[in-house]
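In: The sequence isn't on hand, but the structure is:
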DNA sequence: ATTAGCACTCACCAAAGCAGAGTGCTAACA
DNA sequence: TGTTAGCACTCTGCTTTGGTGAGTGCTAAT
């Protein structure tokens, strides 16, 4: 692959910057006026022609200016971009807000999401820790009424799940306590998903000591747990997209918002199996067809090197990557810290 | 106020019906063609002129057809509308889906919301029972770690709240149990909001028997409860508004969707302090300025004559009231029943 | 009281003309 | 040989113009 010379890089950088700011195709004349590149529009035109041939920029139509292609954005992000430092005032605000003592994990997640969309002006996504991957700290069983039991799973991620499920009425309070003790001893510290599989094996033998109905309630309990804990994610600023001219087409806006209602898909987009610290997906790089007009930047939050969840923003490919990355980087660190303080 | 003669009523009815269906201003000629009114366009025109003067219909501009005014819709809803029976197939579907055994209240609410938007094709809103008004069935206290306690409030509405809060580390397990027992005995059956106020009075005297720190943790507990239980409501089908031409203006669509992000406001709109069974708010009747282009139909769900929450739809004033009312009526009954079966 | 007829109004649409920004190419320049 | 000025050309976006169709109000006939 041909290496771009410095001047081409400089021009590409200017184009991307300008387009990110203005959303209008950028032409050679205005480029040379606005930025002090030291070369004439004609020269810029020549270089632009090359850049276009190489696929870094596009012309919406003859006699229009140029627009970065996804490939162009990619190069920009990888080599040309400068991370924008957030203003100190805002750094402080983010920090104090996020490190405030939240009693509930949910509150932290929700507030992070708010802040993220507020500071980036894109749509933010915060993915809660997966229930299944969380490790059991403690389990409690309580009778709610004749027919229902409440189980309380306290986990190491701060998640607390409390599935309610039906049970036959002939379980005594004593039974419950025994079962809970047994479960705690046996499974504390284990990821919930493992517990479920292990339980099947354990059931036959060890659980025999209990009332015979125990056989039945365990699967019921996990089914209830499963049911209630579908993907939980926090979105903010979905309506921000109306601020971007690329979504001023009604059907585009609709498609975007409809997409934002599909938790499954969103969660797949923001999660990176590769597992780097920061993931940038630009337009057509996206696996999800319907998001090929968007870019996504996402990061993880973690405790003790275990990745708990993800947070990120989604917006037009014409995204202010430099800014978003800085904000996201801060927030992911702070979330990790907030969770650490807690556990 | 002048009473409208039958013919005027008939014409108004036809106008509203037609406009609800087509979203286009309706003229005298097409009206007489489409509906078999037995009078000529010219006569219709005369009547229309009267109806306009009386404020029941409007002309977007000279030489356009007529459009119902909010006053016109109101008359239609009060006197002219016929309730549309939902197709049997759908009635059955709604019934079976809603009376399915849901372990969690949240699931019932969420699913109701889905169904409601699906069957009406508007945006649906389901308001969960207010925590504060719910009555305590049972309370449990559990230690999570050195610094945190988990309280579990089980209420009569099926709501389970589990606030986590900080406590000084020197509380024994025994203490906890005693406190819980005390609270249960004293407050079971009481609305949570009352408990909180009563507690302040009780604190000084009766709680003296416990460890001195009890003074401190009670307010803390309720603060945590308060914090976590902001208005919880379930929206579905927000993007449905894109299907209506009255929202094909980008800023209108944006305004609507932005409004839908404000739980406070929505909850105020859908709740009727007057307290009838079914509430219909048409356009400018709405207290909320930004919703004066919308109509809202809402109903309650209840158990033992106590209103627990609300459900409803919001859409353009050109709403298919007859249909919405039928669906809503069914659903509100079924929700009430589902909750009754449970408690 | 109703209706046919008629002149008139206005939104909507398509075609036409115009201005502005941008391009590619050629030829001159350093 | 790389750079730049000049120029003809292209294409979008905006405004103008004219025609069409649905609808109205009024008047006069039924």
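Out: Everything's here; your move. Being a predicted model, the structure only gives us computed values, none of them experimental.
In: all strands of the stretch 1-150 of chain A, in order?
Out: Under the criterion DSSP state E, counting those that start in this stretch, strands of the stretch 1-150 of chain A are mapped to A:57-58, A:67-68, A:123-127, A:136-143, A:148-155.
In: Please identify the most buried of the ones you listed.
Out: Between these, strand A:123-127 has the highest mean count of neighbours, a mean of 27, where neighbours are mean count of other CB atoms under 10 Å in any protein chain shown. (Glycine included, C-beta is placed from N, CA and C.)
In: Show me what it is packed up against.
Out: helix A:105-120, strand A:233-236, helix A:263-270, strand A:306-316 (3 or more CB pairs under 8 Å, 6 or more residues apart in numbering or on different chains; DSSP states H and E).
In: What residue in chain A comes nearest to DNA strand C?
Out: For chain A, the residue closest to DNA strand C is residue A:27, as judged by CB to the nearest atom of the strand, at 2.6 Å.
In: Tell me who's in contact with that residue.
Out: By CB atoms under 8 Å, 6 or more residues apart in numbering or on different chains, the contact set of residue A:27 is A:64, A:65, A:66.
In: that older thread, which among the helices and strands packed on strand A:123-127 is found nearest to residue A:185?
Out: Residue A:185 sits nearest to strand A:306-316 of all the helices and strands packed on strand A:123-127, at 23.4 Å, using CB to CB.
In: can you tell if the closest one touches chain B?
Out: No - contact between strand A:306-316 and chain B, assessed by CB under 8 Å from any CB of the partner chain, is absent, since the two come no nearer than 15.6 Å.
In: Heading C-terminal from that strand, find the next helix or strand.
Out: Next along the chain after strand A:306-316, taking DSSP states H and E as the criterion, comes helix A:321-342.
In: before we move on, the earlier item: CSV for the strands of the stretch 1-150 of chain A, including distance to residue A:192 and mean pLDDT?
Out: Compiled in CSV, the strands of the stretch 1-150 of chain A are given as follows (distance: least, CB to CB, whole Å; pLDDT from 0 to 100):
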stretch, distance to residue A:192, mean pLDDT
strand A:57-58, 48, 96
strand A:67-68, 45, 98
strand A:123-127, 17, 98
strand A:136-143, 6, 89
strand A:148-155, 7, 90
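In: Can you pull out the low-pLDDT segments for chain A?
Out: In the prediction, chain A carries residues with pLDDT under 70 at positions A:1-2, A:203-204, A:207-213, A:229, A:275, A:342-343.
In: Please, where are all the helices along it?
Out: Applying DSSP state H to chain A gives helices spanning A:6-22, A:28-34, A:41-53, A:70-75, A:88-99, A:105-120, A:173-187, A:192-206, A:214-228, A:250-259, A:263-270, A:321-342.
In: Mind putting those into CSV with mean neighbour count?
Out: Below are these laid out as CSV (neighbours: other CB atoms under 10 Å in any protein chain shown):
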stretch, mean neighbour count
helix A:6-22, 19
helix A:28-34, 17
helix A:41-53, 16
helix A:70-75, 21
helix A:88-99, 14
helix A:105-120, 21
helix A:173-187, 15
helix A:192-206, 14
helix A:214-228, 17
helix A:250-259, 17
helix A:263-270, 18
helix A:321-342, 19
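In: quick one: which of the ones you listed is nearest residue B:328?
Out: Across the helices of chain A, the minimum distance to residue B:328, taken as CB to CB, is reached by helix A:250-259, at 24.4 Å.
In: Remind me what that closest one packs against, helices and strands.
Out: With contacts defined as 3+ CB pairs under 8 Å, 6+ apart, helix A:250-259 has these neighbours: helix B:250-259.
In: so which of the strands of the stretch 1-150 of chain A comes closest to residue A:86?
Out: Of all the strands of the stretch 1-150 of chain A, strand A:123-127 sits nearest to residue A:86, with 15.2 Å by CB to CB.
In: Give me the contact list for that closest one.
Out: Here strand A:123-127 makes contact (CB under 8 Å, 6+ apart) with A:109-110, A:112-114, A:116-117, A:231, A:233-238, A:240-241, A:260, A:266-267, A:270-271, A:298, A:309-315.
In: let's go with 7 Å and repeat that
Out: If you take CB atoms under 7 Å, 6 or more residues apart in numbering or on different chains as the criterion, strand A:123-127 is touched by A:109, A:112-113, A:116-117, A:233-238, A:240-241, A:260, A:266-267, A:270-271, A:309-315.
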